[in-house]
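Visitor: sharing a model that was predicted from the sequence below.
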Amino acid sequence: MSSFTSSPVKGGITARSAGAFAELVNKIATSPSSTRQRLRKAQKKKVLALIREGSATAKRSGKYALAMTLTYSNNADFSPKHISRFIDKVRAWLRRLGHQFTYVWVLERQSRLHYHLIVWLPRGVKLDLVKLAKWWPSGCTWTAHCNSVRDWGAYMAKFSSPAGSFRKNMRLYGSGGFDATAKQAIMRAGMPRWLLRILPRSRSARRFPGGGWVDITTGEIFRSPYLWTPFGMLMAAAVVAPPV
């Protein structure tokens with residue numbers, strides 16, 4: 001049970017009201033709809049960061065963007081190995097030409113399962129549509145020059161598939177081919193703002209199993225100074241255990 005040292009509620013907060021509030025926080029935080037909303041928000045943020053840094057990588061290496069959709073003819077034929085095999089085929093083709101393959105993909109389902117991709121190809125190199133059909137034998141393909149990476153990226157990141165469309169732990173997006181500068185930027189893009197303010201720009205951190213974040217270089221553990229409530233984020237220091 002928790003209570004607040006200060007409160008905008010007239011008359012203060014009693015142990016009983018604090019208990020009811022804590023129960024409300026837990027109910028909202030763990031509700032299926034709230035969980036889905038937070039997950040989709042996090043997924044969108046990550047995909048947009050991937051596309052932004054993929055575009056930056058492409059610009060530094062002189063590549064252009066291509067929008068692509070790979071659609072299944074039959075949803076029952078789906079296998080996560082299909083997108084991996086497709087990526088391997090394109091990567092091998094570009095490697096033979098002396099180039100690295102930079103890409104981002106997102107899995108969606110409306111009526112049929114399909115992948116939206118943005119791929120970056122070297123200028124002067126065009127994707128052979130005959131080869132493309134062979135590399136994706138599971139259905140149909142669509143490609144177009146990506147005149148606006150921002151607009152296509154926003155479309156990819158919408159994650160509008162109906163609830164229950166995918167199995168638990170199924171990968172909904174993937175990427176590859178980023179340079180070192182982009183990888184660092186992507187890692188930091190996934191960190192909360194409070195951590196970015198205290199972690200040196202040259203360093204990286206990852207989530208710590210016990211909660212918080214751990215500095216990959218020093219092993220130092222950082223924990224959020226905030227707690228989530230239905231009324232917004234509050235400083236953890238403002239939350240104390242009630243008197244016994």
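Guide: That came in fine, so what should we check first?

Visitor: with adjacent residues omitted, what lies nearest to the residue nearest the centre of the chain?
Guide: Nearest to the geometric centre of the chain sits residue 46, at 2.8 Å (C-alpha atoms, centre = their mean). Residue nearest to residue 46 in three dimensions, not counting chain neighbours: residue 190, with 6.2 Å by C-beta to C-beta, 6 or more residues apart in numbering. For every residue, glycine as well, the C-beta is placed using N, CA and C.

Visitor: repeat for residue 208
Guide: In space, residue 208 is closest to residue 214, 4.3 Å off (C-beta to C-beta, 6+ apart).

Visitor: with residue 115 instead?
Guide: For residue 115, ignoring the flanking residues on the chain, the nearest one in space by C-beta to C-beta, 6+ apart is residue 70 at 4.4 Å.

Visitor: what's the answer for residue 85, then?
Guide: Distance criterion C-beta to C-beta, 6+ apart; nearest residue to residue 85, sequence neighbours excluded, is residue 135 at 7.8 Å.

Visitor: tell me if I'm right that the one you found and residue 90 touch.
Guide: Yes: here residue 135 reaches residue 90: they are 6.6 Å apart, a contact under C-beta atoms under 8 Å.

Visitor: and the longest helix along the chain, what other elements does it pack with?
Guide: Taking DSSP state H as the criterion, the chain has its longest helix at helix 32-61. Using 3 or more C-beta pairs under 8 Å, 6 or more residues apart in numbering; DSSP states H and E, the elements in contact with helix 32-61 are strand 63-72, strand 102-109, strand 113-122, helix 149-156, strand 173-176, helix 180-189.

Visitor: quick one: distance of the last one to the chain centre.
Guide: Between the centre of helix 180-189 and the centre of its host chain there is 13 Å, according to C-alpha atoms, centre = their mean, to the nearest Å.

Visitor: flag every buried residue along it.
Guide: Across helix 180-189, burial judged by 16 or more other C-beta atoms under 10 Å covers 182, 184-188.

Visitor: got those as TSV, with distance to residue 203 and pLDDT columns?
Guide: Listed next are the buried residues of helix 180-189 as TSV, based on distance: C-beta to C-beta, whole Å; pLDDT from 0 to 100:
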residue	distance to residue 203	pLDDT
182	17	76
184	10	78
185	13	72
186	15	74
187	10	75
188	9	74
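
Visitor: wait, which of those residues is closest to residue 201?
Guide: Nearest to residue 201, judged by C-beta to C-beta, of those is residue 188 at 7.7 Å.

Visitor: what residues sit buried inside stretch 193-212?
Guide: Neighbour-count burial for stretch 193-212 flags 195, 199, 204-205 (criterion: 16+ other C-beta under 10 Å).

Visitor: what of stretch 109-118?
Guide: 109, 113-118.

Visitor: before we move on, what about stretch 90-102?
Guide: Under the neighbour-count criterion of 16+ other C-beta under 10 Å, stretch 90-102 has 90-91, 93-94, 99-102 buried.

Visitor: and for stretch 214-223?
Guide: Of the residues in stretch 214-223, those buried (16+ other C-beta under 10 Å) are 214-215, 222.

Visitor: turn those residues into a markdown table, columns for pLDDT, secondary structure and distance to residue 77.
Guide: Putting those into a markdown table (pLDDT from 0 to 100; DSSP: H, G, I helix; E, B strand; the rest coil; distance: C-beta to C-beta, whole Å) gives the following:
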| residue | pLDDT | secondary structure | distance to residue 77 |
| --- | --- | --- | --- |
| 214 | 88 | strand | 41 |
| 215 | 87 | strand | 44 |
| 222 | 87 | strand | 45 |
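
Visitor: so for stretch 114-127, mean pLDDT?
Guide: Mean pLDDT, stretch 114-127: 94.

Visitor: what residues does it touch?
Guide: 51, 54-55, 57-58, 61-72, 83, 90, 94, 97, 99, 101-108, 139, 143, 146, 149, 152-153, 155-156, 177 (C-beta atoms under 8 Å, 6 or more residues apart in numbering).
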